[in-house]
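K.L.:
I would like the atomic coordinates for the input below:
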Amino acid sequence: MTSDNTKTNENQNNPLGYENEAHLLTTFAIPCIISMLVTALYNIVDQIFIGHGVGMLGNAATNIAFPLSTACTAISLLLGIGSATSFSLKLGAGDEKKSAEAAGNGICLMAIFGVALFLVTTIFLTPMLKAFGATDKVLPFAQEYTRITAIGFPFLIANTGMSKLIMADGSPRYSMISMLTGAIINTILDPILIFGLDMGMRGAALATITGQIISFAISLRYMFHFKTIHLTRESFVMRGEPCGNIFRFGASACFNQIAMAIVQVVMNNTLSRYGAQSVYGGDIPLACSGIISKVNMIFMAIVIGISQGTQPIIGFNYGAGKYRRVRKTYLLALAAASALSVVAFAAFQIFPRQIISAFGEGSELYFQFSERYFRIYMFLTIVNGIQPVTSNFFNSIGKARLGVFMSLTRQILFLLPLIIIFPIFMGIDGVMYAGPIADGITAIVCGVFTVRELKELTSIDRDAHEKAVKI
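P.N.:
Residues are numbered from 1 along each chain as shown. Below is the predicted model of the structure:
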């Protein structure tokens, strides 16, 4: 690593390298949290208004369409976090040109991937929704909703991705304003279009894409006003090295979202199949699972926001060789995520019926299933803050393979096999018990790798300090 003495004056004066870590984490985490909450709220606000305006089948339809929203998030995090991490590491090492290349190539990739997802969704809409677990009753609602929301995919991907670059450039407040503006517009338009104009699912979808397009316009404006770099035409020329770094550094966050989408699809089909064999039927488990997934999104949005808030701090300081600051930032983020996990656990265990009621009415059987699902499936929420923070930590220090591995632990390595195997022996209850078991194993695995990495950072930092003393 390059020593601090060889850094440029610009990097020596960068607040990321000397300001108090707790203050920096708060400064960057809050906009990240709001950004992630906004992404979650686009789905949750729609679900609440649809639940009251359309009913249970409308809620089930948004659950069926949810994997596509997750795919948008996966792509935007792949390109946004990938380019922001490369941006931060190059900036910390004093290479402004390569930092600008990371930003320019990232923006180009966001545009390409966004248009591609829109085209694929539009062409293969019906078979995709059926593969996602749509029943005959739910399919028309899901088609009407997704056909419109697909138009917003390019704007959502570009805006979410650019927000990561804006934060890496040291403007978290601007990023927050961009994301928050779209969410507010969506929330205002939802009741007007769904109830006032009686547009149902179409109204919810139109409100969503309107907010996304306006947020995109605000973020796009910033791309011409970076503080630490200057984008030129050359920055946007696609090259192998910067694109490769973007994919490498963004892979862990992307795979985590893809894993969530895969699990959601398998879970939808499992719930439909085994629900039909139970007293609940196929539609009740689909609707309940969708609501609980959206509620859990609020908790996970905050945790992921905290973890993403560490990215520019950890990336810059690791690039600058300031390992003590890297270690402290990670531990602060882990403590904050763990405290939040305790609060979420209490809410999920004590108030499940009240939470479900916010999304509309249903039969007593509907509420009975929801309460059991909440209390069992979310039982080990208390340790769910560890995996996102740890995965992002490894990604931010350039250890992309470990970051990818951490991102896949809960969803793919543990949860997916369990929700396939357990219901064979336990029926629909097997899906519920798969959740806490996967959560517990994931926490243990992440803990082992993290302790090893923190010891290595401490050792490197101590050796560097001893050399400096001898000199």
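
K.L.:
which residue ranges of the stretch 201-350 of the chain form helices?
P.N.:
240-276, 283-309, 311-319, 323-350 (DSSP state H, counting those that start in this stretch).

K.L.:
relative to Val451, which of these is closest?
P.N.:
Taking CB to CB, helix 323-350 is the member of the helices of the stretch 201-350 of the chain nearest to Val451, at 11.5 Å. For every residue, glycine as well, the C-beta is placed using N, CA and C.

K.L.:
next SSE downstream of the closest one?
P.N.:
Scanning forward in sequence from helix 323-350 by DSSP states H and E, the next helix or strand is helix 352-357.

K.L.:
tell me what that following helix is packed against?
P.N.:
With contacts taken as 3 or more CB pairs under 8 Å, 6 or more residues apart in numbering; DSSP states H and E, helix 352-357 sits against helix 283-309, helix 364-377.

K.L.:
right, so those helices: which one is the most enclosed?
P.N.:
helix 283-309 (a mean of 25; mean count of other CB atoms under 10 Å).

K.L.:
show me what that helix is packed against.
P.N.:
helix 21-53, helix 56-92, helix 153-168, helix 240-276, helix 323-350, helix 352-357, helix 364-377, helix 386-396.

K.L.:
by mean pLDDT, show me the worst of those.
P.N.:
When the helices and strands packed on helix 283-309 are compared on mean pLDDT, helix 21-53 scores lowest, with a mean of 73.

K.L.:
quick one: buried residues of stretch 213-225?
P.N.:
For stretch 213-225, the neighbour count (16 or more other CB atoms under 10 Å) marks 213-216, 218-219, 222-223 as buried.

K.L.:
can you list contacts of it?
P.N.:
38, 103, 107, 152, 155-156, 158-159, 162-163, 165-166, 171, 174-175, 177-179, 181-182, 185, 231 (CB atoms under 8 Å, 6 or more residues apart in numbering).

K.L.:
now it, how far from the centre of its chain.
P.N.:
20 Å (CA atoms, centre = their mean, to the nearest Å).

K.L.:
next one: Thr121 from Ile218, what distance?
P.N.:
Distance of Thr121 to Ile218, given as CB to CB, to the nearest Å: 25 Å.

K.L.:
ok so, going back, show me which of the contacts of stretch 213-225 are buried.
P.N.:
Neighbour-count burial (16+ other CB under 10 Å) is assigned, among those, to 38, 103, 107, 152, 155-156, 158-159, 162-163, 165-166, 171, 174-175, 177-179, 181-182, 185, 231.

K.L.:
one step back: so which of the buried residues of stretch 213-225 sits lowest on pLDDT?
P.N.:
When the buried residues of stretch 213-225 are compared on pLDDT, Met223 comes out lowest, with 78.

K.L.:
where does that residue fall, phi/psi-wise?
P.N.:
phi -60, psi -20 (degrees, to the nearest 10).

K.L.:
separation between it and Met179?
P.N.:
15 Å.

K.L.:
kindly report the same for Met432.
P.N.:
Taking CB to CB, one finds Met432 at 33 Å from Met179.

K.L.:
same thing with Gln354?
P.N.:
28 Å.

K.L.:
what's the answer for Gly152, then?
P.N.:
Distance of Gly152 to Met179, computed by CB to CB: 14 Å.
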